[in-house]
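> Following is a predicted model, sequence given first.
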Amino acid sequence: MRVLLTGFEPFGDSDINSSWETAYQLGQLSIGGVDMEVVQLPVSFIGSGKLIRKLLQNHKPDALVMLGQRGKGQNIDIERIAVNMMDSANPDNDGFCPHELPIVENGSNAYFSNMSVKTLKDALENSNIPSKISNSAGLFVCNSTYYHALSEIFDNELPTKAVFVHLPKLSDDFTIEFLVKSIKKIIEEIRKQ
Ligand code: PCA
């Protein structure tokens, strides 16, 4: 199974992003039956959307697993839905700070993941990893990148299964080893499906 795994560069006042640290570390591992490509995305509404569409067209992976860092929260959040809205109090890394703008003019209001998010959540819970299904990826760059990815997949009938996972910040409870173990579990679950 060919997997494209993405994480984001740091943003805001942080100089580290747990999503990229996790993706990078996973790229150093070998997971049985998985051929993995790891890419860092910019925290840019425009740039990350263009890049994820290009990556999907070029690689046509079997699965796309996108990681982002959640500001608050003590769970691994499996995101079910991406909505056609950009709205932020803070600028992205390009200095762009949209207020109630569509991601794609006249695009679908929302897209759902084309994977069973419940199955992924259950797989984590069975390994005692605190996890929940989230029905909002926010309105910042994670949501917009997820929207671009799902729009590219659905509109062009690409064969790729895609899911977005929000991770907590790195902490004593959520160490890099723990986050890597959690996402490895998700990738193994996707491989089984
Ligand atoms: N988290 C932000 C963008 C990049 C990231 O890691 C978000 O939740 O939108």
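Nice, I can see it. Numbering: from 1, shown residues only.

> Specify the local secondary structure of the residue nearest the centre of the chain.
The residue lying closest to the centre of the chain (CA atoms, centre = their mean) is Met66, at 2.5 Å. Assigned with DSSP: H, G, I helix; E, B strand; the rest coil, Met66 falls in the strand class.

> Now the longest helix along the chain: buried residues?
The single longest helix within the chain, with elements called by DSSP state H, is helix 176-192. Residues Phe178, Leu179, Val180, Ser182, Ile183, Lys184, Lys185, Ile186, Ile187, Glu189, Ile190 are the ones in helix 176-192 that count as buried (16 or more other CB atoms under 10 Å). For the C-beta atoms, the positions are set from N, CA and C on the backbone; glycine is no exception.

> How about the contacts made by the last one?
Taking CB atoms under 8 Å, 6 or more residues apart in numbering, we find Ile190 in contact with Met1, Val3, Ala63, Val65, Met115, Leu120, Lys161, Val163.

> residues from the chain in reach of the ligand?
Phe8, Phe11, Asn17, Ser19, Val43, Gly68, Gln69, Gly138, Phe140, Val141, Cys142 (CB under 6 Å from any ligand atom).

> Run the chain-centre distance for the one helix or strand the last one maps to.
Under DSSP states H and E, the secondary-structure element containing Cys142 is helix 141-155. Using CA atoms, centre = their mean, to the nearest Å, we find the averaged C-alpha position of helix 141-155 to lie 10 Å away from the chain's own average C-alpha position.
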